[in-house]
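In: got a sequence here, can you model it:
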Amino acid sequence: MSIEVVVVGDTEFKARIDRMPAAVHDSLVRRISKLSIDLQMKVRNEKLSGQVLKNRTNKLRDSINEYVTDEGTIITGVVGSDTSKAKYGHAHEYGFQGVVQVPAHVRHITQAFGRPIAPTEVNVSAHSMKMNLPERSFLRSSLHEMEGAITEGLTEAVGEAIA
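Out: Residues are numbered from 1 along each chain as shown. The predicted model follows:
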């Protein structure tokens, strides 16, 4: 007694298996790019618009950038603050306690000793100042809040690529 097996479509099946790593990679790059943009928008539109910090000048919000690096086997999505645009982002994210040097500057005042006065400019000398800034995370807290959506998105991307 003998059993004969005939495989139909083996060439097509092998070709599909061979294409799978590239398809998964490309799908992950696209999804990580989208998730990075979603995280960037969450930070800008929620955390830096009143949830954690109130917006005054747009400098910190405008400093939030995102990019994706693809090194073949490692795909990284990065969302962060450009410190050349807003040096104080790190201090808000992690908190700060210490002494800072305040440069000489001109201050505009409209009251003195609790009473209103005509707007006046006053020269302030350089001085040191103790600071105790509490941690007000806007980046790490956003990432934590999106953790489930990120995991789900990456799982879907792989599933779509191998389907």
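
In: neighbours around Val43, how many?
Out: For Val43, the neighbour count with other C-beta atoms under 10 Å is 26. C-betas here are computed from N, CA, C, even on glycine.

In: wait, it touches Leu139, no?
Out: Yes: counting by C-beta atoms under 8 Å, Leu139 is a contact partner of Val43 at 6.1 Å.

In: shared neighbours of these two, anything?
Out: Val79 (C-beta atoms under 8 Å, 6 or more residues apart in numbering).

In: which helix is the longest one in this protein?
Out: Taking DSSP state H as the criterion, the chain has its longest helix at helix 10-45.

In: give the buried residues for that helix.
Out: When burial is assessed from 16 or more other C-beta atoms under 10 Å, helix 10-45 yields the following buried residues: 24-25, 27-28, 31-33, 35-36, 38-40, 42-44.

In: contacts for the helix or strand following that helix?
Out: Downstream of helix 10-45, the next assigned helix or strand under DSSP states H and E is helix 59-63. For helix 59-63, contacts defined as C-beta under 8 Å, 6+ apart pick out 44, 48-49, 53, 55, 81-83, 85-86, 88-89, 92.

In: just the buried residues from the residues you listed, in PyMOL please.
Out: Here is the PyMOL command that selects the buried residues among these (16+ other C-beta under 10 Å):
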select buried, resi 44+48+53+81+86+89+92
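
In: perfect, that will be all.
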